[in-house]
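In: how would this look folded up:
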Amino acid sequence: MADDAGRRNNDANGAKSGHDNERETIIRSRLRDRSIKLYELEKELSPLDAIRVRREFIEEETGTKLENIGIFSIDIERVVRRNCENMIGTVQVPVGVAGPVLVNGGYAQGLHYLPLATTEGALIASVNRGCSAITEAGGAEVRILHDGMTRAPVFAADSVGHAAQVCDWVTVHRDELRVAAESTTSHGKLTDIVTFVAGTSVYVRLEFDTKDAMGMNMVTIASAKIADLIAQGTGVRLIALSGNMCADKKPAAINSIMGRGRSVVAGIAIPNELISSIFKTDAKTLAEVNYRKNLVGSARAGAMGFNAHAANVVAAMFIACGQDAAHAIDGSTCITTVDLTETGVYVAVTLPSLPVGTVGGGTGIDTQQECLKLLGVAGGGTPPGTNAKKLGEIIGVGVLAGELSLLGALAAQHLARAHQQLGRG
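Out: Next up, the predicted model:
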């Protein structure tokens, strides 16, 4: 088993030579007298030994045993090089599956099991119920409306007149900036440039097609090239490569309006008989819960999202599939709508900002790679970009399933009961 293999990998130290043991003893002494830093251990030891020695040092320093953190099955050589500094082990998050759910997308088609990494009891059961309803109703429609990763450098101009000149210069030299940006990457393409001014601050919001990568590293490097050209061409001062007009890892109206990453919309027509049999409620009640909770309640609270718990599903699938977990906050800007129809309801979710990728970042870690393979989206797509769009569509349908189920539970007054039975916490 993987756990046994991980334990063997981490505990297989008995065969060390006397020279190796002596070397580690010296390194431990140097850690204690601070003549070597924790992050420097990989220069002295193999990655696996560095992780173990670092973990044991932290145990000694804090008086805390970390034996379970030291059990893992992932490829350490890759992770310490690309994903995690000062590594001492791993934290295991339970992964369950919901589904299968029938997806009728522009990129994703057919039945899919959804891997969800979570510690919240009742979440997967809830999503699973939504998946059942979607599949019985004929499958969810889902489409990618927009695709583009952004970075927005901020510059300081000398005056508002100078700021306006900078914006004009960017417009005139757009093609030149595009060529410069695309010279830094073999995959990314600059697709849009929009300028904003606040007094003497100039923000240049750059948008890129990043194919199957989520693309933050790609667009940051390309944006640096563009920022240098703007500064040279206009005399404006570059203040920061990210000026928060991107906007990255924080809920922002600009992302809700203009989109960031993959912008996804998913919907399903649920007939009255399924509303009654699966959700134990009726169409009118379901629509009213959505109106008074997701729409009016969110507006009254000043929320930037109008949904029941979209970020729950986004976070669970992001963690399982090696996405940047901080971007799960983008899921909170989802808008859930419920339209009454002659035969029941049409429920839809709109996720304007879903930064996902199937190459790079955490997608190559062994356990996360397996979840991507489960969905049929691991690695680059053919043509490039199709796998990331497919992943975005599947996550959108997962969110739709979660919204459907929670709205149904609220409409039927079953929420507390479900958490008592399954949450236990």
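
In: need the contact list for the nearest residue to residue 48 once chain neighbours are set aside.
Out: Of all residues not flanking residue 48 in the chain, residue 76 sits nearest, at 5.5 Å (C-beta to C-beta, 6 or more residues apart in numbering). (Each C-beta comes from the backbone N, C-alpha and C, glycine too.) Contact analysis of residue 76 by C-beta atoms under 8 Å, 6 or more residues apart in numbering lists 47, 48, 51, 87.

In: please, which helix or strand holds residue 161?
Out: Using DSSP states H and E, residue 161 sits in helix 160-172.

In: which stretch of helix or strand covers residue 352?
Out: strand 344-354.

In: what mean pLDDT does that strand get?
Out: The pLDDT scores in strand 344-354 average 98.

In: any idea how far that strand is from the middle of the chain?
Out: Here strand 344-354 is found 18 Å from its chain centre; the criterion is C-alpha atoms, centre = their mean, to the nearest Å.

In: which other helices and strands contact that strand?
Out: Judged by 3 or more C-beta pairs under 8 Å, 6 or more residues apart in numbering; DSSP states H and E, strand 344-354 is in contact with helix 253-258, strand 260-271, helix 272-279, helix 283-289, helix 310-320, strand 335-340, helix 386-411.

In: got these as JSON lines, with distance to residue 153, mean pLDDT and mean neighbour count columns?
Out: As requested, the helices and strands packed on strand 344-354 are arranged in JSON lines below (distance: least, C-beta to C-beta, whole Å; pLDDT from 0 to 100; neighbours: other C-beta atoms under 10 Å):
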{"stretch": "helix 253-258", "distance to residue 153": "15", "mean pLDDT": "96", "mean neighbour count": "17"}
{"stretch": "strand 260-271", "distance to residue 153": "16", "mean pLDDT": "98", "mean neighbour count": "24"}
{"stretch": "helix 272-279", "distance to residue 153": "48", "mean pLDDT": "96", "mean neighbour count": "17"}
{"stretch": "helix 283-289", "distance to residue 153": "43", "mean pLDDT": "97", "mean neighbour count": "19"}
{"stretch": "helix 310-320", "distance to residue 153": "27", "mean pLDDT": "98", "mean neighbour count": "26"}
{"stretch": "strand 335-340", "distance to residue 153": "30", "mean pLDDT": "98", "mean neighbour count": "19"}
{"stretch": "helix 386-411", "distance to residue 153": "25", "mean pLDDT": "97", "mean neighbour count": "28"}
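
In: for the helix or strand that residue 58 is a member of, what is the average pLDDT?
Out: Here residue 58, judged by DSSP H and E, is contained in helix 47-62. Across helix 47-62, the average pLDDT comes to 95.

In: check stretch 85-93 too.
Out: Averaging pLDDT along stretch 85-93 gives 95.

In: run through this structure and note the low-pLDDT ranges.
Out: Applying pLDDT under 70 to the chain flags the ranges 1-19, 415-425.
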